[in-house]
Each structure stands twice: as structure tokens, then as C-alpha cells.
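>>> what follows is a protein structure lacking sequence information:
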């Protein structure tokens, strides 16, 4: 399970050293792509295969479906981390997520999100109130 928040730095070559806690699950390969709220999604290759099957089932006649597929897949980048657990974040994705040096790498269960650290802090501050309000609806027994 991919959980927790880590604060690695992006190196001068656009590489990220994956948190040790995530390396085993991502070692066979990963797919990095555009995510929601201007973060990046990082899926283990097996999770991305499941997502890809769901995307194939979406109706081609739906403009919303086509738009979603285009945004998600046009920025997708597959990679196998090196022996040090490093992955390169392509320039197009660094620009999309406004990534500078300071990052927040957040495990969200089945995927990892990569955020600019300042953007993550702002998002988390704003989402905290929504978290409290959504709990009864999202997790009624929580």
C-alpha cells in the first residue's frame, strides 16, 4: 500500500529519488502522468494496466471521455526506477505540475502523487475543512 507524505528534492537533472517506502512496489515499473489539481500521478505498472482497461471501456462517443483520455495519456511516461530508486520527471510533466526543487510525494493507496511542496501545503490547508465535512458522506462508519 502506498501511504504517507515525504519531502524529497528534485535534482538538477529533473530526477526524483523515490521514498524508500515506495520503491519495492514501484521497482517493476511505473507510469507517471498528469493528475488532478496540478499534481502528477505515479501508478505502479500493474495499477496502470487496470486503469488502462477501464479507459478502453469508456465510450468513444463521449467527448468528456475523449478529453480525459487525451489529457491523462498524452503526458504519460513509463519508466523503471534505477538502482538508487531514481526516476526522471520529464520536462512536460515538471511544467504541468509547476515542480521546482522542493517536492511533496504523497501516497494515496493505489498511486503516488507528486506535488510542488508549496502547492501541497496550500492544498492540504484548504482541503482540511472539506475532509471534516466529507467524512460522514464518504465514510459513514468512520
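Nice, I can see it. From a predicted model like this one, the values you see are computed outputs, not experimental measurements.
>>> enumerate every residue touching the nearest residue to residue 1 once chain neighbours are set aside.
Spatial nearest neighbour of residue 1, excluding adjacent residues (C-beta to C-beta, 6 or more residues apart in numbering): residue 109 at 6.2 Å. C-beta: built from backbone N, CA, C; applies to glycine. Applying C-beta atoms under 8 Å, 6 or more residues apart in numbering to residue 109 gives the contacts 1-3.
>>> with neighbour count as added columns, please give those in JSON lines.
Converted to JSON lines, these look like this (neighbours: other C-beta atoms under 10 Å):
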{"residue": "1", "neighbour count": "9"}
{"residue": "2", "neighbour count": "21"}
{"residue": "3", "neighbour count": "11"}
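>>> wait, which of these is closest to residue 47?
residue 2 (9.1 Å; C-beta to C-beta).
>>> hang on, that closest one packs against residue 107?
Yes. Assessed by C-beta atoms under 8 Å, residue 2 is found in contact with residue 107 at 3.7 Å.
>>> overlap in contacts of these two?
Common neighbours of residue 2 and residue 107 (C-beta under 8 Å, 6+ apart) are residue 22.
>>> tell me which helix or strand of the protein sits lowest on mean pLDDT?
In the chain, the helix or strand scored least confidently by mean pLDDT, DSSP states H and E is helix 117-138, which has a mean of 85.
>>> name the helices or strands packed onto that helix?
strand 103-109 (3 or more C-beta pairs under 8 Å, 6 or more residues apart in numbering; DSSP states H and E).
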